[in-house]
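>>> need a 3D model of the sequence below.
(one chain, ligands or ions: 1)
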Amino acid sequence: MTARRYDAAIMGGGIVGASAALHLARSGLSVVLFERGFCGAGASGVNYGGVRRQGRPPEQIPLSQRAHVIWAQLKSYIGIDGEYIRSGHLKLARSEAEMASLQAYRDRMAGFGLDLELLSGNMLHDRFPMLGKLAVGASYCPDDGHANPRIVSPAFARAAARAGAEIHEQTEVTGIARDLGGFILQAGGQDIRSDILLNCAGPGAALATEAFGETVPLSSGHPCMGVTEPLPPLFGFNLGVEGGGFYARQVTRGNIVFGGGKGYALDESTCRPDMASAMGALQAGSALLPALHKVNVIRFWSGVEAYMPDRNPVLGPSATTPGLLHGFGFSGAGFQIGPAAGAVLADLARDGHTDTPINAFSITRFAGATVPVPAH
Ligand SMILES: Cc1cc2nc3c(=O)[nH]c(=O)nc-3n(C[C@H](O)[C@H](O)[C@H](O)COP(=O)(O)OP(=O)(O)OC[C@H]3O[C@@H](n4cnc5c(N)ncnc54)[C@H](O)[C@@H]3O)c2cc1C
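Predicted coordinates for the structure are as follows:
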């Protein structure tokens, strides 16, 4: 039987692969996407939901700004608002050293359009009286926000299907090869062929890198999340802390979604939260937001995320194999930039180039790397 042939095949139905599928299908290319579980059920669907540019390194800002434009028009892409709100992102400093670090970041980001506003202790407590006195100041990014990943990420895949992409869930890609006629993928007991292959498999991305002789130091990490009982409206902003360790947002139903601490892996694709670790983060967070001191937590979870040692993704062409494009390793921060990463991959697949600067994300930066770093 002759294998079915597509312009582009995508491995992985997270927000990156599904966004690429949507952009490619809208351009009229024939696209097939294989997802071994359900689209948007991996990191893309279980993450904290922070949609922030603040705190990203300068090399990510052009990609992040491209994503910012997509988020503003989310409904026109995926058909729902995804509970996305531009609530502002407030990053707290607990010491003068942390405040100096926020100031240095603000200075470095001048000209990038983030409109960061530094708030002294008095300004902070006047404007946000729900905060405890541990915070000595903050940096505020007014147009950052948050969204519900459980509905946003699967909606990208559904939108791609409506635009004409073939989406196969519960269909693992088990083998990849290439000959003069392009790529041959084994998936769901069948072979399919494509001119372009997009490797958007997150923690499973090594299948495609290793098949084509590219070794990358990919590891997996498992951030811990929790959600409280519903509470009266307390704060609207997406809360972060300089130096990390705790972050929180309150959804319109009143529950506070928070993150902090690390879970652990059961195997390559499943993990568990470490409740003691998450509760420790909540305890520390209640010093910043005293209303959290006695709340009930109704659920904990974690998710498997692909990390690179420099916390930047691998995004762009393979160094060994024409037609192979990588988009993985978003290192705990790919929800906000995921829609733009998919758009960049679609640019590369369709046009052979992109106007979004991605040199810093080249797979060649790991040339010679052989040993995977330990799990986070
Ligand atoms: C708990 C947690 C909290 C986070 N919080 C935030 C946040 O607040 N803000 C933010 O910006 N980012 C956050 N992130 C990071 C963000 O969720 C990820 O960077 C982003 O979702 C990565 O998208 P992806 O499409 O690359 O990967 P994934 O969502 O991991 O998708 C990859 C998909 O590939 C599939 N796959 C793998 N191998 C195969 C195969 N062989 N065949 C077929 N399919 C395959 C997997 O099943 C998976 O669905 C968080 C991550 C976690 C885990």
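
>>> isn't there a strand covering residue 17?
No. Per DSSP: H, G, I helix; E, B strand; the rest coil, residue 17 lies outside any strand segment and is helix.

>>> tally of neighbours for it?
Neighbour count of residue 17, defined by other CB atoms under 10 Å: 33. From N, CA and C alone the C-beta is placed, and that goes for glycine too.

>>> what's the closest non-adjacent residue to it?
residue 200 (3.3 Å; CB to CB, 6 or more residues apart in numbering).

>>> surely residue 12 meets residue 207?
No. With contact defined as CB atoms under 8 Å, residue 12 does not reach residue 207; the gap is 10.0 Å.

>>> which neighbours do the two have in common?
Jointly contacting residue 12 and residue 207 under the rule CB atoms under 8 Å, 6 or more residues apart in numbering are 199, 201.

>>> and the helices in this structure?
Along the chain, the segments classed as helices by DSSP state H run 15-26, 43-46, 61-72, 74-78, 96-108, 121-127, 149-162, 206-211, 275-286, 334-351.

>>> check which helices and strands the last one sits against.
Here helix 334-351 touches helix 15-26, helix 43-46, strand 50-51, helix 61-72, helix 149-162, strand 190-199, strand 314-317, strand 324-328, going by 3 or more CB pairs under 8 Å, 6 or more residues apart in numbering; DSSP states H and E.

>>> and the residue nearest to residue 17, what does it touch?
Each residue near residue 200 by CB under 8 Å, 6+ apart is listed here: 10, 11, 12, 13, 14, 16, 17, 20, 327, 328, 342, 345.

>>> spatially nearest residue to the last one, not counting backbone neighbours?
Setting aside the residues directly before and after it, residue 345 is nearest to residue 20 in space (CB to CB, 6+ apart), at 4.2 Å.

>>> coming back round to it: which one, of the helices of the chain, ends up nearest to residue 140?
Set against residue 140 and scored by CB to CB, those come closest in helix 121-127, at 8.6 Å.

>>> buried ones in the closest one?
Within helix 121-127, the residues that count as buried by 16 or more other CB atoms under 10 Å are 124, 125.

>>> how about the residues of the stretch 251-376 of the chain by the ligand?
Proximity of the stretch 251-376 of the chain to the ligand, by CB under 6 Å from any ligand atom, involves residues 302, 303, 305, 328, 330, 332, 333, 334, 335, 336, 338.

>>> return the member of the residues you listed nearest to residue 316.
Nearest to residue 316, judged by CB to CB, of these is residue 328 at 11.1 Å.

>>> mind checking how far that closest one is from residue 293?
For residue 328, the distance to residue 293 (CB to CB, to the nearest Å) stands at 39 Å.

>>> comparing those two, which shows the higher neighbour count?
Taking neighbours as other CB under 10 Å, residue 328 and residue 293 compare with residue 328 leading, 31 against 12.

>>> once you drop chain neighbours, what's closest to that one?
Spatial nearest neighbour of residue 328, excluding adjacent residues (CB to CB, 6+ apart): residue 205 at 3.8 Å.

>>> same question, residue 168
Among residues not flanking residue 168 along the chain, residue 34 sits closest, at 5.1 Å (CB to CB, 6+ apart).

>>> got the contact list for the one you found?
Counting by CB under 8 Å, 6+ apart, residue 34 makes contact with 9, 10, 11, 12, 13, 168, 171, 172, 173, 185, 187, 188.

>>> list the beta-bridge partners for it.
Following DSSP bridges, residue 34 is listed with bridge partners residue 11, residue 168.

>>> pLDDT score for it?
We note a pLDDT of 98 for residue 34 in this prediction.

>>> what's the distance between it and the ligand?
Separation of residue 34 from the ligand (CB to the nearest ligand atom, to the nearest Å): 5 Å.

>>> ditto for residue 167
Taking CB to the nearest ligand atom, one finds residue 167 at 11 Å from the ligand.

>>> residue 358 too?
Noted for residue 358: a distance of 15 Å to the ligand, by CB to the nearest ligand atom.

>>> then residue 293?
Here residue 293 is placed at a distance of 24 Å from the ligand (CB to the nearest ligand atom).
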